[in-house]
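1. I'd like to go over a predicted model; first the sequence, then the structure.
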Amino acid sequence: MTSIVMQEAPIWGAAGWIEPLEFGEAYDVDDMLPAIRNGLSNDGTLYAAPFYGESSMVMYRKDLTDAAGVSVADNDSWDNIKAAAAAIHDPDNGVYGACLRGKPGWGDNMAFITTVVNSFGGAWFDADMKPQLESDEWKAAINFYVDLLGNYGPPGSEGNSFNEILALYNEGKCGMWIDATIAASFLEVDGVAYAQSPNAGNPVGANWLWAWAMAVPAGSPNAEESKKFIEWATSKDYIKAVADHPDFGWGSVPTGTRASTYAYPEFQEVAGFAAAEMAAIESAAPEATDLKPYVGVQFAAIPEFPEVGSAVAQEMAAALSGAKSVDDALAASQKAADAIMREAGYY
Amino acid sequence: MAAVAQTSRFGNIFWPVLAWVVALIFFFPIFWMVFTSFKTDADAVKPEYLFFFKPTLENYTNMTENYDYWRFAINSAITATFATLFALVVSIPCAYAMAFNPSRHTKDILIWMLSTKMLPAAAVLYPMTFLTKNFLAIYDTHFLIILVLSLINLPIVIWMLFTYFKEIPKEIIEASKMDGVTTWGEIKDILIPLAWGGVASTALLCFIFCWNEAYWTVRLTTTEAATLSKLIEGNRAPEGLFFGRLSAVSTAAVGPIVVLGWFCQKQLVRGLTFGAVK
Amino acid sequence: MSKRTLPRLLQTPAVILLLLWMLIPLSMTLYFSFIRYVLNNLRRPEWTTPSFSNWRGFGNYEYVLFSAKDFWLAVQNSLFIVVCILIFTVILGLALAILVNRTFPGRGIVRVLLISPFFVMPAVNAVLWINMILDPVLGLNGLAVEGINHVINGLREFPVLGAFFSMWPELVPVSFRATQTSAYAVIIMVTWQWTPFAVLIFMTSLQSEDEQQKEAAILDGANAWSRFRNLTLPHLARPIAIVVMIQSIFHLSLYAEIEIVSRGNGNKNLPYLIGEFTSNNIGAASATGIFAVILANIVAIFLLRMVGKSLMD
């Protein structure tokens, strides 16, 4: 048995490194959230079973937006998000309008940035898998990101990812945060409200999709036992058992995997974010489309992506730091990504 | 002379005070880490509790639960201890031979050993992973970490022992040869008792280096043999930045070694300069 | 057994172990640097197993030098970080060693305090500095700037003084994770950790300085500076050379600090670049590894020539 993330599942499945998963009737595979299931599949075959799933959404301080007389809506426009961030931005009193990821890493700043790019209609690669990082959509999206976070974000944003922002948020320093849905379960400040991720008129992939999952390596000697274990550990019964356990309860059940979890009133009660999270996950679209000819929302499910993503991530952090202009950073990103894809034999 | 006396009167106050101030500045980050470890996570980031707060031990009592501290600490202790022992077992005969029966190649061998320390570890990162994971299947075992830790410290250990052994008068060893003592007997009954202080301080220094090693211990382990370096570097808290508990676990990770370090400052100089500064 | 065999035999285990430790992985790196070798590639699965049929000549080297990003940044930065740290630690180390070489009350404690940073684990050092001290919002850096701004805001209220302080600009905390500053953050934290090492070695060496010679110089009317230049500094030449050598070895392979501070943003060295390639492109990682070995050797030859002789005295 091996632990695997959503970016790897389709690739490893295609490479034949992990075995297809088929479970019994009682497992009720259709109960698995469809987006998550798609993301862990390759060509319609499921290769990994999720023990945790997430999307992204807006977590904003309704007390602050109300006081400033602005509002944040579901799938808001980016312009309105910026206006709201500007209205609640009050650095003299230690409140920053928007806290967003800036720490370089394909799973850190690039996760958020890619959703912005997606909503602006951009994509990592075209149909020939040529990087598209100097497209108008990327330029517009990155200019927007640098402008928003540079002007209304906390100092040192280029070092912030999930953990850092969570610490800031719980100190009351953030007016708004767009990040993993699970963050909502760790927020300890009052007045938090949720909204579906903003988009710039293009809802496809405006919110990300991610999962931690378990898979069976191909040719492993105890494949059958591993499958049995995975079947149990990602089942409805397991979730119910965690919920009923005196030491854990509904606050500790694995989230983002099964529709049935979200149907329990007890779960909805302890997880005020449940409805928003479920809606976000359901609206995430990992499948390849004409616009985005690869699997994955905030990543591309190709083996070279971590390398491409990390290289671009550092350039984005440089743009955010002000060490490079957005155009220069994107040009350098394009060059690096092109070299990696060429080296990998795509063209 | 009058001028000298005057400056020294002024200097007698000024320089010691300056020395104290600088020392306190240098120690401050460590003090701050220990200080913060007694704050709750929530208090640790609040300016109003910067200096005055209600101290708590909860970061320490929860350390096992939050970080599984003891598992990593035990791994660190096991690997550092056995790596040190293994390094000594290999080095003592080697240094003995080099000190008492030097050949014309001894100098070259010593310099060559030193040069292996200069090989950048990162250059062989993948081959090491490949060898230990796919080929030898010893990845993430105590055995591997003990072996690697002892090998990277071998040059320093040999050098240090060599400089200590060289100080023992050759005549003592020669005399024992006359008495027909075996080589093993020489090492066991004469050399080690005579150089006991040197061997002990070499071991101490090697232990410190093993404990603090952070490249291979992080990259050649996942869970089984993971040490404290791995805990701090590779396993940052999954749900937020917790200054309080991070400080506590860091304090617990570096505390024993800092204290150990206080006791072997002198030996450190000798070890790190390969005996050139005593 | 002849007189020579036994000593040789006793040295054999150590020599063989070190030889294996050095040669096996390094020859694999050399081999991988000449073939196409990636961990995963769906289009060219044959590249995922090391084999002579994937021979690529100097292709990986060309890729690293001319196509992939950051090679020259990494080389430059490797040297920049090391040189800066060396300059700071040697100067600070000299000053502090001379400072604590006198006798004064509490000297033992001062030494213990001064030496402590050296024993802190590199990862703890980096986590401690970048989060708790240098963080521009939650760290002492941020808190201090906030505090100063607060005080100045208060002073603006005063009648006459206020006019002066209203001209005072609001301070903005420096972020040490930014592209422009991340190298300095690493230099600061490593200098903090290694200055004690330099102090320790210089201090030990100062104790063996000839006091009579110094007293004679005082009687001759030589001032403190000329005593330092003409007597102390020459005496310390060897320890300085050794401090430079040891630190170069360690700092050319810095990793944890760079990773924790900025993940390679604006600051990376060759080991870090190798780590980045290792996520998939083993051929490129290996070629970079060979470059790192060459760089380390150039530095090592230079250094060993400088101090190698004095080591053997």
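-> Sure thing, it's come through. Residues are numbered from 1 along each chain as shown, chains lettered A, B, ... in the order given.
2. those strands in chain A, which residues are they?
-> Assigned by DSSP state E, the strands in chain A fall at A:2-5, A:41-42, A:45-46, A:49-61, A:176-180, A:192-196, A:209-215.
3. could I get those strands as CSV with distance to B:Thr79?
-> For glycine as for every other residue, the C-beta is placed from the backbone atoms N, C-alpha and C. Putting the strands of chain A into CSV (distance: least, Cβ to Cβ, whole Å) gives the following:
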stretch, distance to B:Thr79
strand A:2-5, 25
strand A:41-42, 40
strand A:45-46, 40
strand A:49-61, 31
strand A:176-180, 35
strand A:192-196, 45
strand A:209-215, 29
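4. wait, which of the ones you listed is closest to chain C?
-> Each of these has some distance to chain C by Cβ to the nearest Cβ; the shortest is strand A:41-42, at 10.4 Å.
5. re the thing from before, list just the one of the strands of chain A that sits closest to B:Val90.
-> strand A:2-5 (37.0 Å; Cβ to Cβ).
6. for the strands of chain A, which one sits closest to C:Ile301?
-> strand A:2-5 (44.6 Å).
7. Would you mark the buried spots in that closest one?
-> Neighbour-count burial for strand A:2-5 flags A:Ile4 (criterion: 16 or more other Cβ atoms under 10 Å in any protein chain shown).
8. Could you do stretch C:90-103 as well?
-> C:Val90, C:Leu92, C:Gly93, C:Leu94, C:Leu96, C:Ala97, C:Ile98, C:Leu99, C:Val100, C:Asn101.
9. Closest one to chain A out of those, please.
-> Of these, the one sitting nearest to chain A (Cβ to the nearest Cβ) turns out to be C:Leu92, at 26.8 Å.
10. helices or strands up against the host helix or strand of that closest one?
-> Per DSSP states H and E, C:Leu92 falls inside helix C:71-100. Other elements packing on helix C:71-100 under the criterion 3 or more Cβ pairs under 8 Å, 6 or more residues apart in numbering or on different chains; DSSP states H and E are helix B:2-36, helix C:107-115, helix C:182-206, helix C:233-251, helix C:270-277, helix C:282-312.
11. Tell me the confidence at A:Gly102?
-> In the prediction, the pLDDT value recorded for A:Gly102 is 94.
12. wait, isn't it in contact with A:Asn109?
-> Yes: using Cβ atoms under 8 Å, A:Gly102 is in contact with A:Asn109, at 5.3 Å.
13. overlap in contacts of those two?
-> A:Ser161, A:Met316, A:Ala317, A:Leu320 (Cβ atoms under 8 Å, 6 or more residues apart in numbering or on different chains).
14. who wins for neighbours among the residues you listed?
-> Within the shared contacts of A:Gly102 and A:Asn109, A:Ala317 tops the neighbour count with 30 neighbours, counted by other Cβ atoms under 10 Å in any protein chain shown.
15. where's stretch A:123-135 relative to the chain centroid, distance-wise?
-> Taking Cα atoms, centre = their mean, to the nearest Å, one finds the center of stretch A:123-135 at 20 Å from the center of the full chain.
16. go on, stretch B:255-275?
-> Centre-to-centre, stretch B:255-275 and its host chain are 8 Å apart (Cα atoms, centre = their mean).
17. can you check stretch C:191-208 too?
-> 16 Å.
18. shaky segments in the chain?
-> Unless you meant another one, I'm taking chain A. Under the criterion pLDDT under 70, the flagged ranges of chain A are A:203.
19. Oops, wrong one, chain B.
-> Where chain B drops to pLDDT under 70, the residues are B:1-8, B:234-240, B:275, B:278.
20. and it, what are its domains?
-> B:2-58, B:70-272 (automatic domain parsing).
21. Tell me which of the ones you listed sits most buried.
-> Of the domains of chain B, the one with the most neighbours on average (mean count of other Cβ atoms under 10 Å in any protein chain shown) is domain B:70-272, at a mean of 20.
22. Between the two ends of that domain, what distance do you get?
-> 30 Å (Cα to Cα, to the nearest Å).
23. Perfect, I'm done here.
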